[in-house]
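Student: Pasting the sequence and the predicted coordinates here, then a few questions.
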Amino acid sequence: MTDQGTNKTGFVRDDELKREMQGELKANREVRIEEAYEPEPSGEDEPITESFPSGDPGLPAPSGMTAEGVTVRTDLARHLERAIYPAKRSALLGSLQRHHAPDTLVDRVSSLPAEPAYPNVQAVVRALGFGVEDRRD
């Protein structure tokens, strides 16, 4: 007998529920009786838009940084775990690989020297040759 933990339905019921949901997930029509539960498409007079069409939210980069530096810092913060700091290059690369970071980001971090320990994301960004935000007083 296997330990099911907090799952009250069991493996057989899980598989049965997955089969039942497949039709609803693949349906190209309404599957609920109540219209309020259905997602609404955009109206005919409303254009379909992306959140940031050019990939840039249109905000200026903070003083001391370039738009590319902001993008690199954002990607690093997204893919690096907070608990690894202070971190050497090997720990940074391990975290990037665990979080499936883009190859371009992994290549940038691979070019860093192996020895110094970086105390935070800002230090990594600075070591990659990008500026960091000027402190506000």
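Tutor: Thanks, I have the structure now.

Student: so where's this protein uncertain?
Tutor: 1-7, 27-59, 61-63, 135-137 (pLDDT under 70).

Student: Let me see the ranges of the helices in the chain.
Tutor: Applying DSSP state H to the chain gives helices spanning 10-26, 67-79, 89-98, 103-110, 121-127.

Student: Rebuild these as JSON lines, extending it with distance to D134 and mean neighbour count.
Tutor: Heads up, the C-betas are built off the backbone N, CA and C, glycines and all. Below are the helices of the chain laid out as JSON lines (distance: least, C-beta to C-beta, whole Å; neighbours: other C-beta atoms under 10 Å):
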{"stretch": "helix 10-26", "distance to D134": "49", "mean neighbour count": "10"}
{"stretch": "helix 67-79", "distance to D134": "12", "mean neighbour count": "17"}
{"stretch": "helix 89-98", "distance to D134": "25", "mean neighbour count": "17"}
{"stretch": "helix 103-110", "distance to D134": "23", "mean neighbour count": "14"}
{"stretch": "helix 121-127", "distance to D134": "12", "mean neighbour count": "18"}
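
Student: Out of those, which gets nearest to P60?
Tutor: Closest approach to P60 among those (C-beta to C-beta): helix 67-79, 8.6 Å.

Student: Tell me the helices and strands packed up against the closest one.
Tutor: Helices and strands touching helix 67-79, by 3 or more C-beta pairs under 8 Å, 6 or more residues apart in numbering; DSSP states H and E, are helix 103-110, helix 121-127.

Student: Columns distance to R19 on top of the ones you listed, output as JSON lines?
Tutor: As requested, the helices and strands packed on helix 67-79 are arranged in JSON lines below (distance: least, C-beta to C-beta, whole Å):
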{"stretch": "helix 103-110", "distance to R19": "37"}
{"stretch": "helix 121-127", "distance to R19": "44"}
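
Student: M65: which of those helices is closest?
Tutor: Of all the helices and strands packed on helix 67-79, helix 121-127 sits nearest to M65, with 8.5 Å by C-beta to C-beta.

Student: For that closest one, C-alpha coordinates in PDB please.
Tutor: Listed next in PDB are the C-alpha coordinates belonging to helix 121-127 (Å, rounded to 0.1, in the frame of the first residue of the first chain):
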ATOM      1  CA  VAL A 121      21.600  40.400  -7.500                       C
ATOM      2  CA  GLN A 122      22.900  44.000  -7.800                       C
ATOM      3  CA  ALA A 123      26.500  42.700  -7.300                       C
ATOM      4  CA  VAL A 124      26.000  40.100 -10.100                       C
ATOM      5  CA  VAL A 125      24.600  42.800 -12.400                       C
ATOM      6  CA  ARG A 126      27.500  45.100 -11.600                       C
ATOM      7  CA  ALA A 127      30.000  42.300 -12.300                       C
END
